[in-house]
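Colleague: Fold the stuff below for me.
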Amino acid sequence: MTPSVGIVGIGTYFPTQIETAADLAPRTGIPEAVLREKMGIRQRHIANAQESVSYMATQAALRALAHANIAPSQIDLVISHGSEYKDHNVWCAAAKIQHNIGALNAHAFDLYALCAAAPIAMQAARGMMLADESLRYVLIVAGSRENDLINFQNERVRFMYNFGSGAGAMLLQRDATHNHIIGVSAITDGSLSETVTLSRAPETVGDAADHGDLRGRLEVNQPDYMAERLGAVSLENFVRVIRGAVEKGGALLEDVRFLGITHMKRSFYLEILKAVGLNADQSVYLEDYGHVQSADQALALELGVAQGKIKAGDLVVVAGAGVGYTWSAAAIQWG
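Modeller: Purely as a prediction, here's the structure:
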């Protein structure tokens, strides 16, 4: 029988400090009602100085292990697919996380695909596990505090005002008896590869303070082209990867019962749901967390289960998109 890989543990971590839409309104010049209703930002979590990317990822990882009742010594591989903005520049966060959780028998590496990374990390881990039977347990984990990189006086980065801090982790098991990953799909539009970069230009940085050894803030370099191109292809590409992941697993789009997708403005979120034949009761909208890069998918699964929206036997899809620009999705047969 062909071996399978399933999700046996999920964990998340979010800082206790919260910034609400009312707090953001004077900082952004955007009315609270617009932030809440149109941009979908009811609140977001903000990391303090001690809550580094590796610290938050460690906490999420430990919760995933506890959920699965698996000891750290049983982990064979740790993959960090979180923010490239992390504790240090040019640095492997996965090694620190591996050390922090006590996974002394594991090796570790970073995988980077921005906000599309979770399904891609699932595919990378799954492929390695199917190719190497010694990899029984693989931990994929992401932490992010990219909200630090936003200048709220820069209107060109308004679509990133929803960034928040936190982390998510999933523990994968070879020959798992439940929650099987059955298909992953991704697509990249490289014409958008330089539309968002880190900039040190004074008008981009504003009066924001430096963070450690990082200098600069995120900037949209080609706002008109980015808006035009995403308007033309983003919905189509989301549907394409969602359908692709499902069909790779031998199912049909109409079989999907739950979609866990990255946080975005409310209208586009609802448009995607409609395009794949789902409604708001078959998803979770992350308005109390904002967009936490590639931790969104673990969070969506955790909330979906907690809210009773994901049930045994359901075909579940998690999806995301990240500047660069890549869209990705993973199909999971739940239960």
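
Colleague: Now do the end-to-end distance for stretch 309-317.
Modeller: Taking CA to CA, to the nearest Å, the first and last residues of stretch 309-317 lie 13 Å apart.

Colleague: buried residues in that stretch?
Modeller: When burial is assessed from 16 or more other CB atoms under 10 Å, stretch 309-317 yields the following buried residues: Lys309, Ile310, Asp314, Leu315, Val316, Val317. C-beta here means a position set from N, CA and C on the backbone, and glycine is covered the same way.

Colleague: Okay, and which of those map to strands?
Modeller: Leu315, Val316, Val317 (DSSP state E).

Colleague: For Gln173, pull up the helix or strand it's in.
Modeller: Per DSSP states H and E, Gln173 falls inside strand 166-174.

Colleague: where in the stretch 151-300 of the chain is pLDDT low?
Modeller: For the stretch 151-300 of the chain, the stretches with pLDDT under 70 are 208-213.

Colleague: hey, where'd the strands end up in it?
Modeller: 166-174, 180-188, 196-199, 217-220, 256-261 (DSSP state E, counting those that start in this stretch).

Colleague: what does the second one rub up against?
Modeller: In other words, strand 180-188. 4-7, 116, 119-120, 122-123, 126, 172, 237, 240-251, 324-333 (CB atoms under 8 Å, 6 or more residues apart in numbering).

Colleague: coming back round to it: just say which of the strands of the stretch 151-300 of the chain is most tucked in.
Modeller: Comparing these on average neighbours per residue, with mean count of other CB atoms under 10 Å, the densest one is strand 166-174 at a mean of 29.

Colleague: partners of it in the sheet?
Modeller: When pairs are called by DSSP bridges, strand 166-174 turns out to pair with strand 5-13 (antiparallel), strand 137-144 (antiparallel).

Colleague: check contacts around Gly6.
Modeller: Applying CB under 8 Å, 6+ apart, the residues contacting Gly6 are Leu172, Gln173, Ala176, Thr177, His178, Asn179, His180, Ile181.

Colleague: mind redoing it with 10 Å?
Modeller: For Gly6, the residues meeting the contact criterion (CB atoms under 10 Å, 6 or more residues apart in numbering) are 126, 171-182, 332-335.

Colleague: what does Leu104 give?
Modeller: Under the contact definition (CB under 10 Å, 6+ apart), the residues listed for Leu104 are Pro72, Ser73, Ile75, Gln98.

Colleague: Quick check: the two most widely separated of those?
Modeller: Pairwise distances across the contacts of Leu104 (CB to CB) peak at 11.6 Å, for the pair Ser73 and Gln98.

Colleague: and stretch 100-116, which residues are buried?
Modeller: Of the residues in stretch 100-116, Asn100, Ile101, Ala103, Ala106, Ala108, Asp110, Leu111, Ala113, Leu114, Cys115, Ala116 count as buried by neighbour count, 16+ other CB under 10 Å.

Colleague: Name the nearest residue to Asn100, sequence neighbours excluded.
Modeller: Nearest-residue entry for Asn100: Thr58, 4.1 Å, with adjacent residues in sequence omitted and distances by CB to CB, 6 or more residues apart in numbering.

Colleague: tell me the angle the helix or strand encompassing the one you found makes with strand 137-144.
Modeller: Per DSSP H and E, Thr58 falls inside helix 53-68. With axes from the mean of the first three to the mean of the last three CA atoms, to 10 degrees defining the directions, helix 53-68 sits at 140 degrees from strand 137-144.

Colleague: mean confidence for helix 53-68?
Modeller: For helix 53-68, the mean per-residue pLDDT is 98.

Colleague: Ok, stretch 112-126 next?
Modeller: In this model, stretch 112-126 carries a mean pLDDT of 97.

Colleague: how far out from the middle of the chain is it?
Modeller: A distance of 9 Å separates the C-alpha centroid of stretch 112-126 from that of its chain, computed with CA atoms, centre = their mean, to the nearest Å.

Colleague: before we move on, what about stretch 74-86?
Modeller: Per CA atoms, centre = their mean, the displacement of stretch 74-86 from the mean C-alpha position of its chain is 13 Å.

Colleague: buried ones in it?
Modeller: Of the residues in stretch 74-86, those buried under the neighbour-count criterion (16+ other CB under 10 Å) are Ile75, Asp76, Leu77, Val78, Ile79, Ser80, His81, Gly82, Ser83, Glu84, Tyr85, Lys86.

Colleague: In strands, which of these appear?
Modeller: Under the assignment DSSP E, the buried residues of stretch 74-86 contribute Leu77, Val78, Ile79, Ser80 to strands.

Colleague: Among those residues, which one lies nearest to Ile46?
Modeller: Ile46 lies nearest to Ser80 out of these, by CB to CB, at 21.3 Å.
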